[in-house]
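Novice: Need the 3D shape of this:
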Amino acid sequence: MTAVADRLAQRIRIAGPISVADYMEEVGAFYYAARDPLGGTGDFITAPEVSQIFGELIGLWCAELWQRLGAPDPVLLVELGPGRGTLMADALRAARIVPGFGQALRLHLVEHSPVLRAKQGEVLGAHAPHWHDSTATLPPGPMLLVANEFLDALPIRQFERRASGWHERRIGLDAGGARFVFMLEPTPSPLGTQLPRAPEGTIAELSPATAALGRAVGARLAREGGAALFIDYGYFPSACGDTFQALRRHRTHAVLEEPGSADLTAHVDFAAFAAAARAGGAVVFGPVTQAAFLARLGLTARAAMLLRRASAAQAASIRSACRRLIDPAEMGDLFKVLALGQKGAAMPSGFDEVVS
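Specialist: This next block holds a predicted model:
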């Protein structure tokens with residue numbers, strides 16, 4: 001067993017089965033504390049690591065919004081879960097073409113992992129970043145926030161429909177006490193009132209942590225001004241289904257085996273997140289697919305500029321990366337993009353529909 005598995009097993013023996021959310025939170029903290037999970041030698045790859053164009057377009061999106069907001073100085077530029085700092089480095093490089101933006105921004109990174117904080121410091125040190133464990137400690141002022149593949153790592157709770165109602169799915173130990181297994185609470189959950197009618201055996205998910213973040217960011221934007229951009233894999237509208245998954249060395253991995261050795265995630269319910277942000281006071285734009293968003297921001301034109309200076313091998317790599325970002329069979333449709341703004345905000349670039 002891993003160290004975190006030992007701790008969880010002992011906790012279960014003492015206090016009984018735990019929620020999926022508790023499992024994700026404890027395993028996730030252990031997983032990220034001492035490793036860089038990104039890249040070919042890691043467990044997964046994100047869009048900023050696929051192509052520099054991704055971060056560049058987001059940087060220009062932020063700079064344009066800053067201008068729309070009246071070019072506030074200072075403005076907080078915030079990233080949730082910055083990984084290696086690749087997205088932000090590309091964003092800041094591209095945004096240099098907008099006069100005054102670089103001087104006005106104050107860079108704030110929300111990151112728990114000491115390993116990733118060190119990498120971010122190497123890449124972004126010239127911009128004097130400030131690190132936070134959560135958004136709660138961000139200073140006041142207008143904010144431009146970016147979160148790419150952050151929401152999917154937030155803990156979820158799972159429920160299974162039975163004749164008597166929705167029962168919470170929990171994690172305990174098998175009869176031998178050696179393996180983690182799923183089991184159900186014997187009585188229906190009061191949270192079942194938040195779930196739809198469904199046939200017996202259906203799995204449904206709620207993420208109180210994601211909803212809390214949506215309300216907090218929405219309230220912050222309503223109070224201080226600014227905008228936020230969330231990019232992640234997920235679904236819209238809300239739906240039932242088991243999306244809890246683990247990824248190890250770029251392959252799916254059983255979620256209860258060797259906890260701490262694989263990345264745990266779940267698909268994002270964008271409708272629920274949008275509703276929480278709206279309740280907090282934000283206006284919501286989207287979601288739209290990542291393919292549509294990047295196309296509207298000019299991915300094709302930027303790729304053409306890079307191709308003009310590329311060798312044959314570089315050109316093949318650029319084309320392959322762009323396909324991966326926008327192909328419906330890869331990241332193009334599964335990944336969604338949602339923006340939040342202050343009341344009265346005009347629709348930002350990349351969007352075509354106002355939800356509220």
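Novice: Around the closest residue to E149 other than its chain neighbours, how many other residues sit close by?
Specialist: Excluding its sequence neighbours, the residue lying closest to E149 (CB to CB, 6 or more residues apart in numbering) is T46, at 5.1 Å. Heads up, the C-betas are built off the backbone N, CA and C, glycines and all. By other CB atoms under 10 Å, 19 other residues sit near T46.
Novice: Backbone dihedrals for the closest residue to H167 other than its chain neighbours, please?
Specialist: Closest residue to H167 in three dimensions, ignoring its sequence neighbours and counting by CB to CB, 6+ apart: L184, at 4.4 Å. The phi/psi pair for L184 (degrees, to the nearest 10) reads phi -110, psi 150.
Novice: pretty sure L184 is touching Q158, no?
Specialist: No. The pair L184 / Q158 is not scored as a contact, 9.8 Å apart, by CB atoms under 8 Å.
Novice: Can you pick out the residue with more neighbours from the two?
Specialist: Neighbour totals were compared for L184 and Q158, and Q158 leads with 23 against 17 (other CB under 10 Å).
Novice: follow-up on the earlier one: dump the residue contacts of the residue nearest to H167.
Specialist: By CB atoms under 8 Å, 6 or more residues apart in numbering, the contact set of L184 is 160, 162, 167-170.
Novice: cool, and R11?
Specialist: I18.
Novice: If I look at it, what pLDDT would I see?
Specialist: pLDDT, R11: 96.
Novice: Please enumerate residues in contact with the host helix or strand of V115?
Specialist: Per DSSP states H and E: V115 is located in helix 114-124. Residues outside helix 114-124 that contact it (CB under 8 Å, 6+ apart) are 32-36, 82-86, 88-89, 92, 107, 109, 111, 129, 131.
Novice: How far does it sit from its chain's centre?
Specialist: On the basis of CA atoms, centre = their mean, to the nearest Å, helix 114-124 sits 19 Å off its chain's mean C-alpha point.
Novice: And stretch 68-77, by the same measure?
Specialist: 24 Å.
Novice: okay, how far is it across that stretch, tip to tip?
Specialist: This stretch, stretch 68-77, spans 15 Å end to end (CA to CA, to the nearest Å).
Novice: ok, residues contacting that stretch?
Specialist: Against stretch 68-77 from outside (CB under 8 Å, 6+ apart): 62, 66, 88, 100-101, 103-108, 138-139, 141-146, 225-227, 345-346, 348.
Novice: Just the ones of these in strands?
Specialist: 105-108, 143-146, 226-227 (DSSP state E).
Novice: CA atoms of stretch 79-96 as PDB?
Specialist: The C-alpha coordinates for stretch 79-96 follow below in PDB (Å, rounded to 0.1, in the frame of the first residue of the first chain):
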ATOM      1  CA  GLU A  79      -4.400  31.300 -12.500                       C
ATOM      2  CA  LEU A  80      -5.800  28.400 -10.700                       C
ATOM      3  CA  GLY A  81      -3.700  25.200 -10.900                       C
ATOM      4  CA  PRO A  82      -0.900  26.700 -13.100                       C
ATOM      5  CA  GLY A  83       0.900  23.300 -13.700                       C
ATOM      6  CA  ARG A  84       4.400  24.000 -14.900                       C
ATOM      7  CA  GLY A  85       3.600  27.700 -15.600                       C
ATOM      8  CA  THR A  86       3.500  27.000 -19.400                       C
ATOM      9  CA  LEU A  87       0.100  28.500 -20.100                       C
ATOM     10  CA  MET A  88       0.900  31.700 -18.200                       C
ATOM     11  CA  ALA A  89       4.300  32.100 -19.700                       C
ATOM     12  CA  ASP A  90       2.900  31.800 -23.200                       C
ATOM     13  CA  ALA A  91       0.000  34.200 -22.300                       C
ATOM     14  CA  LEU A  92       2.300  36.900 -20.900                       C
ATOM     15  CA  ARG A  93       4.600  36.700 -23.900                       C
ATOM     16  CA  ALA A  94       1.700  37.200 -26.300                       C
ATOM     17  CA  ALA A  95       0.100  39.900 -24.200                       C
ATOM     18  CA  ARG A  96       3.200  42.100 -24.400                       C
END
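Novice: what is the rounded mean pLDDT of it?
Specialist: For stretch 79-96, the per-residue pLDDT averages 97.
Novice: can you list contacts of it?
Specialist: Counting by CB under 8 Å, 6+ apart, 36, 38-39, 46-49, 52, 54-60, 62-63, 77, 101-102, 107-111, 116, 119-120, 122-124, 127, 135, 145-150, 153 sit against stretch 79-96.
Novice: What's the ChimeraX line that selects buried ones from those?
Specialist: Burial among the contacts of stretch 79-96 is assessed by 16 or more other CB atoms under 10 Å; the matching ChimeraX selection reads:
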select :36,38,46,47,48,49,52,54,55,56,57,58,59,60,62,63,77,101,107,108,109,110,111,116,119,120,123,124,127,135,145,146,147,148,149,150,153
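Novice: Filter the contacts of stretch 79-96 down to the ones in helices?
Specialist: 47-49, 52, 54-60, 62-63, 101-102, 116, 119-120, 122-124 (DSSP state H).
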